[in-house]
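1. the following block contains a protein sequence and its predicted model.
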Amino acid sequence: MRLSQTAEGLIPEIAPEFTQFGEPFRDSPSADFIGIWDEKKERGQEAARTYGTRYWPDLAALLDACDAVAICSETVHHLQLVREAAARKCHILCEKPLATTLADCDAIETLVRDAGIAFMQSFPKRFDPINHELRKIIDAGRLGTLALVRVRHGHFHGLEPNFHKEWFVNPALCGGGTLLDEGVHAADFLRWMFGEPESVVAMKSATTLKLPVEDAEIAVFRFPSGMLAEVCASWSFAAANDSIEVYGTKGTVLISGVDLGSRDITAGGYLKVYEASSSDKRWSVSDVVPRFKTGGFHQQNAINFLAALHEGKPPPIGISDGRRALELILAAYRSIETGHEQRIAP
C-alpha cells in the first residue's frame with residue numbers, strides 16, 4: 001500500500017495536522033510513504049526532509065503514484081483536493097473540519113461515492129481510551145440521569161506573537177474562528193457520546209486577540225432528554241485543568257489532560273468519578289491515562305485509517321460524521337448572528 005500527503009497550508013511549529021499523519025505513514029509497516037505535495041515549494045521540501053520522504057512539485061503525478069492520500073490543507077481547499085484524489089481513485093483521510101459549507105460537504109460526499117473510495121474524517125477524541133472509559137461509566141448508569149455536560153477545548157497558541165499570521169485565522173481560508181477550529185472537536189464528541197442535540201444558543205468574542213475571526217466562544221446545545229451541553233473554545237488558554245465535566249443525578253465525572261490547555265499542566269488524576277451513594281464522599285480516581293499524555297493522540301487518525309484500508313473495512317469515522325459536526329457548528333454561528341436559539345434538524 002502506498003500513501004501520500006497533501007501538505008498545503010502546513011504550519012509545523014503549531015499545527016498537529018501534519019505530524020498526526022506524517023509520523024504514522026512514515027513508521028507504518030503496511031504502507032510506503034511516497035511523498036508530500038505543497039503549493040509552496042520550500043515548505044513542502046522542509047516537510048519532506050522532516051519525515052524522510054520526497055517532495056513532489058506536481059500534485060497530479062503524486063496522486064497517480066498513490067493508493068491513498070491524507071489532506072491537511074486550508075479548509076477551503078478540501079473540496080478541490082478531494083476532487084483531485086477521487087479522480088484517481090485514491091482513498092482519503094481528511095483533516096477537520098470537513099469543509100466550510102454544507103454544500104461543499106455534499107459535493108465531497110458525491111465525489112467519494114461516485115469514485116467508490118474510502119473516506120475518513122479526522123476526529124481523534126474518538127480514539128482516546130479515557131473517553132471510552134467515560135462511555136463505560138455512563139452506560140453502566142453510575143451517573144444516573146445526565147443533566148449537564150461541559151466541554152472546554154482549545155490551546156494557548158493564540159498568545160504567541162506570530163499567531164495572527166496563520167491561515168486558520170483568515171476567514172477566507174478557514175471559514176471561522178475558534179468555534180469552528182476547536183469547537184468542531186467538541187461537537188463531534190458530543191454526538192458520539194450523547195447522540196444528536198436538537199438546538200443551540202451561542203455567543204462569541206474577538207476582542208482578546210483582535211483577529212478577523214472569533215478567539216473565544218460559548219455554545220450551549222440542548223438534547224431531547226433535556227440535558228444541556230456547553231462547548232467552550234479558545235485559543236488563549238494559558239493553562240487549564242478540567243476539560244470535560246459530566247453531571248448526573250447519581251454522580252459526576254471530571255476529565256483533564258485531554259486538550260493542549262491542560263496536557264502540560266495536569267500531572268495525574270485525569271479521570272475522577274464522584275458517586276452520590278459513596279459513603280466516604282471522596283473522588284474515585286481512574287488509572288486510565290489519556291493518550292494526549294502518553295503520546296500518539298492525533299496520530300490515531302492515520303493509524304486507524306491505515307488499519308481500515310489494510311483490513312478492507314470502512315473507516316471508523318465517515319463523511320456523515322464530518323458533515324453533521326459542521327452542521328452543529330453552523331447552527332451555533334446562526335445563533336450568534338440572530339441572537340436566538342437555533343433548531344438543529346434531526
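-> Yep, it's here.
2. pass me the low-pLDDT residue ranges in the stretch 1-150 of the chain, would you?
-> Scanning the stretch 1-150 of the chain for pLDDT under 70 picks out 1, 3-20.
3. hmm, 80 instead?
-> 1-20 (pLDDT under 80).
4. any idea where the strands of it begin and end?
-> Assigned by DSSP state E, counting those that start in this stretch, the strands in the stretch 1-150 of the chain fall at 2-6, 32-37, 54-55, 68-71, 91-94, 119-121, 146-154.
5. contacts for the helix or strand just after the last one, please.
-> I take that to be strand 146-154. Downstream of strand 146-154, the next assigned helix or strand under DSSP states H and E is helix 171-174. Contacts to helix 171-174, defined as Cβ atoms under 8 Å, 6 or more residues apart in numbering, come from residues 9, 74-77, 100, 167-168, 177, 180-181, 212-213. No exception for glycine: its C-beta is placed from N, CA and C like everyone else's.
6. and with 6 Å instead?
-> Residues from elsewhere that reach helix 171-174 (Cβ atoms under 6 Å, 6 or more residues apart in numbering): Glu74, Thr75, Val76, Trp167, Phe168, Pro212, Val213.
7. so which of those is the most crowded?
-> In terms of neighbour count, Thr75 stands highest of the contacts of helix 171-174 at 27 neighbours, by other Cβ atoms under 10 Å.
8. element containing the residue nearest to Ile244 when sequence neighbours are not counted?
-> Once flanking residues are discounted, Ile244 sits nearest to Ile255: 4.0 Å by Cβ to Cβ, 6 or more residues apart in numbering. Counting by DSSP H and E, the element that carries Ile255 is strand 251-256.
9. just send the strands of the stretch 1-150 of the chain back as a markdown table, with mean neighbour count too.
-> Shown next, in a markdown table, are the strands of the stretch 1-150 of the chain (neighbours: other Cβ atoms under 10 Å):
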| stretch | mean neighbour count |
| --- | --- |
| strand 2-6 | 27 |
| strand 32-37 | 23 |
| strand 54-55 | 18 |
| strand 68-71 | 27 |
| strand 91-94 | 27 |
| strand 119-121 | 26 |
| strand 146-154 | 22 |
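10. now tabulate the ones you listed in CSV and tack on distance to Ser320.
-> Formatted as CSV, those follow (distance: least, Cβ to Cβ, whole Å):
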stretch, distance to Ser320
strand 2-6, 23
strand 32-37, 28
strand 54-55, 34
strand 68-71, 18
strand 91-94, 13
strand 119-121, 9
strand 146-154, 21
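11. and of those, who's closest to His185?
-> strand 146-154 (5.4 Å; Cβ to Cβ).
12. list the strands paired with that closest one, with their directions.
-> Paired with strand 146-154 in the same sheet, following DSSP bridges, are strand 228-234 (parallel), strand 242-248 (antiparallel).
13. so which of the ones you listed is the most surrounded?
-> Highest mean neighbour count among those (mean count of other Cβ atoms under 10 Å): strand 228-234, with a mean of 23.
14. for the longest helix anywhere in the chain, buried residues please.
-> Longest helix in the chain, counting residues (DSSP state H): helix 319-338. Buried positions in helix 319-338, judged by neighbour count with 16 or more other Cβ atoms under 10 Å: 319, 321-336.
15. from Glu182, how far off is the closest residue to Arg152 other than its chain neighbours?
-> Leaving aside its chain neighbours, Arg152 sits nearest to Cys232 (4.5 Å; criterion: Cβ to Cβ, 6+ apart). From Cys232 over to Glu182 the distance is 9 Å, taken as Cβ to Cβ, to the nearest Å.
16. just Gly158 next, same as before
-> 10 Å.
17. likewise for Ile329?
-> 10 Å.
18. tell me if I'm right that Pro197 and Phe221 touch.
-> Yes. Between Pro197 and Phe221 a contact is recorded at 3.8 Å, counting by Cβ atoms under 6 Å.
19. neighbour count winner among the two?
-> Set Pro197 next to Phe221 and count neighbours by other Cβ under 10 Å: Phe221 wins out with 27 against 23.
20. which strands and helices sit next to the helix or strand harbouring the more buried one?
-> Following DSSP H and E, one finds Phe221 within strand 216-222. In terms of contacts (3 or more Cβ pairs under 6 Å, 6 or more residues apart in numbering; DSSP states H and E), strand 216-222 is packed against strand 199-205, strand 228-234.
21. partner strands of that strand and their direction?
-> strand 199-205 (antiparallel), strand 228-234 (antiparallel).
22. angle of the first one against helix 319-338?
-> The reference is to strand 199-205. Strand 199-205 runs at 60 degrees relative to helix 319-338, counting by axes from the mean of the first three to the mean of the last three Cα atoms, to 10 degrees.
23. again, but for the last one
-> Orientation of strand 228-234 against helix 319-338 (the same axes, to 10 degrees) gives an angle of 80 degrees.
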